[in-house]
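With the input below, show me the fold.
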Amino acid sequence: MVALIPTDAEDAAALREALVRALDGGPALGFGMLAGAPEHVPEGTAAVIATSGSSGVPKQVVLSGEALRASAEATAARIGSGRWLLALPASYVAGLQVIVRSVVAGTHPAVLDGRFSPESFAEATLSMVRTGGDPLFTSLVPAQLATLLDASGDAAARAALQAYRAILVGGQALPEPLRDRAADLGVRLVRTYGSTETSGGCVYDGVPLDTVGVRVVDGELRIAGPMLADGYLGDGELTARTFSRDEHGIRWYRTGDLGLIENGVVRVHGRADNVIVSGGINISLDRVERLVRRVPGLHEAVVVGVDDERWGEASVIVVTRGESLRRSESEQLEHAREIVAAELGKHARPARLVVVDELDVLASGKPDREAIRRAVADLR
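So this is what the prediction gives:
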């Protein structure tokens, strides 16, 4: 057993040194630990990360040093190695992996001065550019990318975005309009798919990393590879449900995501549990949301399900008010309904559009869908 040391992950330099020790045998680092967490964890553990994913149900994911290194090495094999900018919290697996990749590359991550903003991002990036040397990389969530693209009229912000060999974008689906805007500016994005249980992104632009296996069982995506988590701290039952071995002894992670593989490319349709039944027909809210986000002004919208007297359940579009809402809400809703009907059928059309001052988010930066759903339900 090795000691488990809770950390607030505020000081990136100190965290890097602690992580080097954790990767080499301990003590292990605990991020966002829940009450009652043990003081010791199994040998080989490098980090335990508390996460609620999109469900809001807290879990403590146990990651070995071997898994974290395997993920970092597979990333370097795919996109190259160099210097990284830490623009995400290190308590979030994508942020932690920025530090792990830096350790594996023998570099030190650059950090933002203060909170994330176009100014702090540009200042940190251009400082790295001025020192020259290795290629630059960073990892963002879609909301951060949108903020930077909105500021790209500023020469410094635009130059910073264009300075990276690759910007990994994950945590949630990347809306097509954001991808198009980035491409028009010459920004090199890599869409990533993965979770804390896979030590972060393990499928890049739809293609699994070299050491990763992906298959579909009953419509659900399952992942195998050396970067899989050991399981959930103190929850053997959940570990057994989520991780299993096949007839060949290969260990697989049940993602809970629906999807398919076409010509070697993984396509994610959405969460298996993010489905409503409207008029007796199953509707994936994730698929509806991806289509809704094609509508100008709704690029960061969230779609949730609420009770409906006529249909049993119905979907509702929730978006923050802002300058992007240039048309009336009724026009935007009608545009969204037309797109959804054309792709999924009339039964999947959203029933309403609700405008709010801000969207509830989880610590990871993902939308807190349950909180948003409750808020919409209370409006009725």
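
Verify the stated contact: Ala9 with Phe31.
Yes - contact status for Ala9 versus Phe31: in contact at 6.1 Å, counting by Cβ atoms under 8 Å. Any C-beta I mention is one placed from the backbone N, CA and C, and that applies to glycine too.

ok, those two, which is more surrounded?
Phe31 (26 against 20; other Cβ atoms under 10 Å).

residues in contact with that one?
Shown in contact with Phe31 (Cβ atoms under 8 Å, 6 or more residues apart in numbering): 6-7, 9, 47-50, 90-91, 96.

what about stretch 279-298, distance to the chain center?
Put simply, stretch 279-298 sits 19 Å off its chain's centre (Cα atoms, centre = their mean, to the nearest Å).

quick one: terminal-to-terminal distance for that stretch?
26 Å (Cα to Cα, to the nearest Å).

Can you name the residues in contact with it?
Contact with stretch 279-298 is made by 173, 175-177, 258, 269-271, 274-277, 299-305, 311-312, 315, 317, 319, 324-327, 332, 335-336, 339-340, 343-344, 347-348, 350, as judged by Cβ under 8 Å, 6+ apart.

Among these, name the buried ones.
173, 175, 177, 258, 270-271, 274-276, 299-305, 311, 315, 317, 319, 324-325, 332, 335-336, 339-340, 344, 348, 350 (16 or more other Cβ atoms under 10 Å).

ok, so what distance separates the residue nearest the centre of the chain from Val361?
Here the mean C-alpha position of the chain is nearest to the C-alpha of Gly171 (Cα atoms, centre = their mean), at a distance of 0.8 Å. Distance of Gly171 to Val361, given as Cβ to Cβ, to the nearest Å: 11 Å.

Next: Arg241.
Arg241 is 27 Å from Val361, by Cβ to Cβ.

quick one, which of those two is more surrounded?
Per other Cβ under 10 Å, whichever of Arg241 and Val361 has more neighbours is Val361, with 15 against 11.

Identify the bridge partners of that one.
Listed by DSSP bridges, the beta-bridge partners for Val361 are Pro367.

Name the weakest-confidence residue in the contacts of Phe31, if you would.
Among those, Ala9 has the lowest pLDDT, at 72.

Tell me who's in contact with the nearest residue to that residue once chain neighbours are set aside.
In space, and not counting its chain neighbours, Ala9 is closest to Ala90: 3.9 Å by Cβ to Cβ, 6 or more residues apart in numbering. Listed by Cβ under 8 Å, 6+ apart, the contact set of Ala90 reads 9, 12, 15, 31, 96, 98-99.

can you pull out the strands in the stretch 1-150 of the chain?
2-7, 28-31, 40-41, 45-51, 59-64, 83-86, 110-111, 136-140 (DSSP state E, counting those that start in this stretch).

now for the fourth one, which elements pack on it?
Spelled out, that is strand 45-51. strand 2-7, helix 12-23, strand 28-31, strand 59-64, helix 65-79, helix 93-105 (3 or more Cβ pairs under 8 Å, 6 or more residues apart in numbering; DSSP states H and E).

can you list those in TSV and add distance to Leu145?
Putting the helices and strands packed on strand 45-51 into TSV (distance: least, Cβ to Cβ, whole Å) gives the following:
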stretch	distance to Leu145
strand 2-7	27
helix 12-23	21
strand 28-31	24
strand 59-64	25
helix 65-79	17
helix 93-105	13
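
Ok, which of these comes nearest Ser127?
Ser127 lies closest to helix 12-23 among these, at 14.6 Å (Cβ to Cβ).

got a list of what the nearest residue to Thr125 once chain neighbours are set aside touches?
Excluding the flanking residues, the one nearest Thr125 by Cβ to Cβ, 6+ apart is Ala160, at 3.8 Å. Listed by Cβ under 8 Å, 6+ apart, the contact set of Ala160 reads 121-122, 125-126, 148.

filter those residues to the buried ones?
Buried among the contacts of Ala160 by 16+ other Cβ under 10 Å: 121-122, 125, 148.

and these, which two are the farthest apart?
Spatial extent of the buried ones among the contacts of Ala160 (Cβ to Cβ) is set by the pair Thr125 and Leu148 at 10.0 Å.

quick one: low-confidence parts of this structure?
Where the chain drops to pLDDT under 70, the residues are 52-57, 322-327, 363-364, 380.

quick one, domains of it?
Structural domains annotated on the chain: 2-262, 274-378, as defined by automatic domain parsing.

where does Thr211 land in three-state SS?
Three-state call for Thr211 (DSSP: H, G, I helix; E, B strand; the rest coil): coil.

any idea how far Ala77 is from it?
8 Å.
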